[in-house]
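> one predicted model, sequence on top.
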Amino acid sequence: MGSPNSGKSTLFNALSGLHAKTGNYPGVTVTRYEGLTQTPAGPVIVEDLPGAYSLDPISPDEQVVDEVLDPDCDRPTSPDAVLATVDATTLRRSLGLIAQVLTIGLPTTVVVTFTDELARRHGRLDLVALERALGVPVRGIAAGDPRAVGELREHLTHARHWPRPVIPPPTDPDEVSGWISSVLASAGYRVPDLDTRSQKIDAVLLHPVWGTIVFFVTMFLFFQVIFTVAAPLQDLVQSFFDWLAGLVQTYVPDSWLTGLLSQGIIGGVGSVLVFLPQIALLFIVISLLEGTGYMSRAAFLMDRVMARAGLEGRAFVALLSSLACAIPGIMATRSLPSAKDRLATMLSAPLMTCSARLPVYVMLISLMVPADVRFGPIGAQGGVMFLLYLGGAIASMGTAWFFSRVTGRRQGQLPFYMEMPPYRLPRLATVFHAVWDACAAFLRKMTTIILGATIVLWLLLNLPTPSAAQLQQAGIDPADSGAVATYTLDHSAAGAIGHAIEPVFEPLGFDWRINIGVISSLSARETFVATMGQVAAASDPENPGTALETMTVDHGPRAGEKLFTPPVVGSLMVFFMFALQCIATMAVMRRETGTWKWPLIAWVYMFGLAWVMSFLTHLVLGAVL
Amino acid sequence: MSEITLTLSRRRVDRPAVIDAGAPSGHTGPGHALRGMQELHEGEQAAIVRVCDGSDAACARRLFDLGFAPGASVVKVRRAPFGGPAVYRIADYEIALRPEQARTILVGTESSEPVQPGAYATRSFAA
């Protein structure tokens, strides 16, 4: 355990190698990292606790630290011994936490990190004297020093016999300050020089003018990497799944099984796995920004803006992640100390335009706006896309403001504080771990929720399978796969549902076929595109645009008119902008809040918002165009 | 909640600085020119005199744990544009606080600084 930025996770990674596994604390919603480390006396389980500044907890992360370290609590997660990391360059601050940890009475070793940086900045620390002053073993470790890690591993074998302090440190505020001073004095601690490099960088990056410019350039590059660099990789994933589906169609005998395998499972999973490169890239960029120390600066610069929405600077990072996918965004809210801010950020994160909305927007924009319409240098299609992103961000901030008002009444004000770590080169292993964890979590979600939903949806869309006699009766040639697909859909369970919910969506201009798309998009928004492809019985389900353009309303007062008129497309776009069409997001929200209450509130609230806004859009566009 | 947490949550941090070991405390009551920490100028150094826990005790205890202890010396490094948070150097590291929190920390001018007339400067803060 240790405070944030104390090199705790780097040490954990060095000790556990790649054998870390994650799991959840029962009742608490913080991921735990557990790994095995091989010592001369056999394997030892090491656990990476969330960063904490004090055992007097104010955030869910810190609550976990307190619970795990509680010596009176008898459960399997209780540790036999504690490794407490302290940053050598901020020893004075860290000793307060060490004092608290030593009072617990568990065998403890203090691991002093960044000793190389201390030396570089002309600081001094006598580890042997520090060990004598603290009364517990002290080990020094410089960044990337495998020998020190080996020694520490050996040291772990006799954890039960580590010496303990004769007199535990005081907890009284007055006495603790004195204790810290005396420990620092007896350890011959010389405060390191000011980190002139970080000072100089901060003078630029936190400058009111230059800092703001750098911030916007960073954000622009962020988007470029997430969207432009990811695109070819995503194409690669897509073509792999197309190839796989082709294989199935070629080698599996023609039956409903082919359809389930190629369209249902491979197509459905593929359309979501396409986002894996984007998620990986997002986490590479975020952990690089985090590792260098720029994320704290970005949060510092954005705090004032976020405060307007009732949030704090760190929530900005969570909302930024939500632009790729709300799931990592919601997970990132764990760093927020205040429960009120966490909740408000979680509820507003799904409104940020995630990458799953992209394919839907692309399809709808191409239906509404011709590619060659331009306003000066800006293409109209790109302009509409920008407006959709902007709308999502504004809605997200508005939601955050609303919920932080509503939930904030019952809670006291919690302090906003953020450490400004010195700029450091990020460690590759740490970046790799962060990316690996995120991708693994995404894949786990894929293989459970999304795969299940895809199969159910495919079954709903394709059952009951019409018999040859039924087709003949309807006058459809069984060889015409397009016509058969249309007939199947029309009489499928999903078709029935689409018809049944028509009254709900009728005011928005959606017909029963669009309703099926909306329902199917509940599993993942991007399935809307594929579903509309199936619905339109287009020959190429990936580009259903042309087929959709010619679709007409098949019954009711508007029968015969074009289905995708600008008001309908507009209201669909607005609907997708607001509605919480993502089961996975709801599942994560439920995991993070521990109850179904909040995901349900979020769903109902966003559905209501989406419906009303779509209705208004439909009305306004219908009147204007 | 563990026993240590319970003990820690009962701490009272709102006590004026004991400036010299052995010297009687309580010398830093009202009447001296104490300022909220947010009033410091960029680059100005001061000594912390009180961490007020009147408005929010948990918040005050946290500020104490972050190093804002009476007697400690603090420098305002820089502030964010448009009245946002500011970066302070305390206990040899840098941390950003919003003005609302900085206000609950009262500081007095350190004696190593040139003494301003009327400023709080009764005792030496030399470590």
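Perfect, thanks for sending it.
> let's see the biggest helix by length in chain B as CSV, backbone CA atoms only.
Criterion DSSP state H: the longest helix present in chain B is helix B:57-65. C-alpha atoms of helix B:57-65 as CSV (Å, rounded to 0.1, in the frame of the first residue of the first chain):
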residue,chain,number,x,y,z
ALA,B,57,-13.8,18.4,10.3
ALA,B,58,-13.2,15.5,7.9
CYS,B,59,-11.9,18.0,5.3
ALA,B,60,-9.6,19.6,7.9
ARG,B,61,-8.2,16.2,9.0
ARG,B,62,-7.5,15.4,5.4
LEU,B,63,-5.7,18.7,4.8
PHE,B,64,-3.7,17.9,7.9
ASP,B,65,-2.8,14.5,6.5
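> figure out how far it is from the centre of its chain.
11 Å (CA atoms, centre = their mean, to the nearest Å).
> and A:V225, how far is that from A:F114?
Distance, A:V225 to A:F114, using CB to CB, to the nearest Å: 29 Å. Backbone N, C-alpha and C define where each C-beta goes, glycine included.
> once you drop chain neighbours, what's closest to whichever residue of the stretch 401-550 of chain A sits closest to chain B?
Closest to chain B within the stretch 401-550 of chain A is A:M420: 4.0 Å, counting by CB to the nearest CB. Closest residue to A:M420 apart from its sequence neighbours, by CB to CB, 6 or more residues apart in numbering or on different chains: B:E94 at 4.0 Å.
> that neighbour and A:I45, how far apart?
35 Å.
> repeat that for B:V87.
In terms of CB to CB, B:V87 sits 39 Å off from A:I45.
> kindly report the same for A:M385.
If you go by CB to CB, the gap between A:M385 and A:I45 works out to 49 Å.
> for A:L257, same thing?
44 Å.
> kindly report the same for A:S396.
40 Å.
> between the two, who's got more neighbours?
A:S396 (24 against 11; other CB atoms under 10 Å in any protein chain shown).
> so, low pLDDT: which residues of chain B?
Confidence mapping of chain B against pLDDT under 70 gives the ranges B:1, B:17-32, B:110-127.
> again, only using 50
B:20-31, B:112-127 (pLDDT under 50).
> in it, which residue is closest to the centre?
B:I48 (3.1 Å; CA atoms, centre = their mean).
> element containing residue 46, please.
Picked chain A for this. Assessed by DSSP states H and E, A:V46 sits inside strand A:42-48.
> hm, I was asking about chain B
strand B:45-51.
> next, residue 71: secondary structure please.
No chain specified, so I'll use chain A. coil (DSSP: H, G, I helix; E, B strand; the rest coil).
> ah, I was thinking of chain B
Taking three-state DSSP, the label given to B:G71 is coil.
> helix or strand right after the strand or helix carrying the residue nearest to A:M420?
Using DSSP H and E, the element containing B:E94 is strand B:93-97. On the C-terminal side of strand B:93-97, the closest following helix or strand by DSSP H and E is helix B:99-103.
> I'd like to know which elements that next one is packed against.
strand B:86-90 (3 or more CB pairs under 8 Å, 6 or more residues apart in numbering or on different chains; DSSP states H and E).
> distance check, A:L83 against chain B.
18 Å (CB to the nearest CB, to the nearest Å).
> from memory the residue nearest to the centre of chain B sits against B:A72, does it?
Yes: assessed by CB atoms under 8 Å, B:I48 is found in contact with B:A72 at 5.0 Å.
> and the closest residue to chain B within the stretch 501-625 of chain A, its phi and psi?
In the stretch 501-625 of chain A, the residue that lies nearest chain B is A:G594 (17.8 Å; CB to the nearest CB). Phi and psi for A:G594, reported as degrees, to the nearest 10, are phi 80, psi 0.
> so for it, what's the pLDDT?
A:G594 carries a pLDDT value of 78.
> cool, A:V111 as well?
Reported pLDDT for A:V111: 95.
> A:A500 - how many residues pack around it?
11.
> again with B:V75
When neighbours are counted by other CB under 10 Å, B:V75 comes out with 16.
> measure it to A:R92 for me?
14 Å.
> neighbouring strands - and their directions - for the strand holding B:A46?
strand B:73-79 (antiparallel), strand B:105-109 (antiparallel) (DSSP bridges).
> looking at the ones you listed, which is buried most?
strand B:105-109 (a mean of 24; mean count of other CB atoms under 10 Å in any protein chain shown).
> from the chain's centroid, how far away is it?
5 Å.
> could you check the angle it makes with helix B:57-65?
Relative orientation of strand B:105-109 and helix B:57-65, computed by axes from the mean of the first three to the mean of the last three CA atoms, to 10 degrees: 40 degrees.
> just the angle for strand B:105-109 relative to strand B:86-90, thanks.
Computed by the same axes, to 10 degrees, the angle between strand B:105-109 and strand B:86-90 is 70 degrees.
> low-confidence ranges, chain A, go.
A:27, A:538-539, A:541.
> tell me where it has strands.
A:21-24, A:31-39, A:42-48, A:82-87, A:108-113, A:138-141, A:374-375, A:378-379, A:417-419 (DSSP state E).
> could these be laid out in JSON lines, adding distance to B:R103?
Shown next, in JSON lines, are the strands of chain A (distance: least, CB to CB, whole Å):
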{"stretch": "strand A:21-24", "distance to B:R103": "39"}
{"stretch": "strand A:31-39", "distance to B:R103": "36"}
{"stretch": "strand A:42-48", "distance to B:R103": "36"}
{"stretch": "strand A:82-87", "distance to B:R103": "28"}
{"stretch": "strand A:108-113", "distance to B:R103": "34"}
{"stretch": "strand A:138-141", "distance to B:R103": "38"}
{"stretch": "strand A:374-375", "distance to B:R103": "48"}
{"stretch": "strand A:378-379", "distance to B:R103": "46"}
{"stretch": "strand A:417-419", "distance to B:R103": "14"}
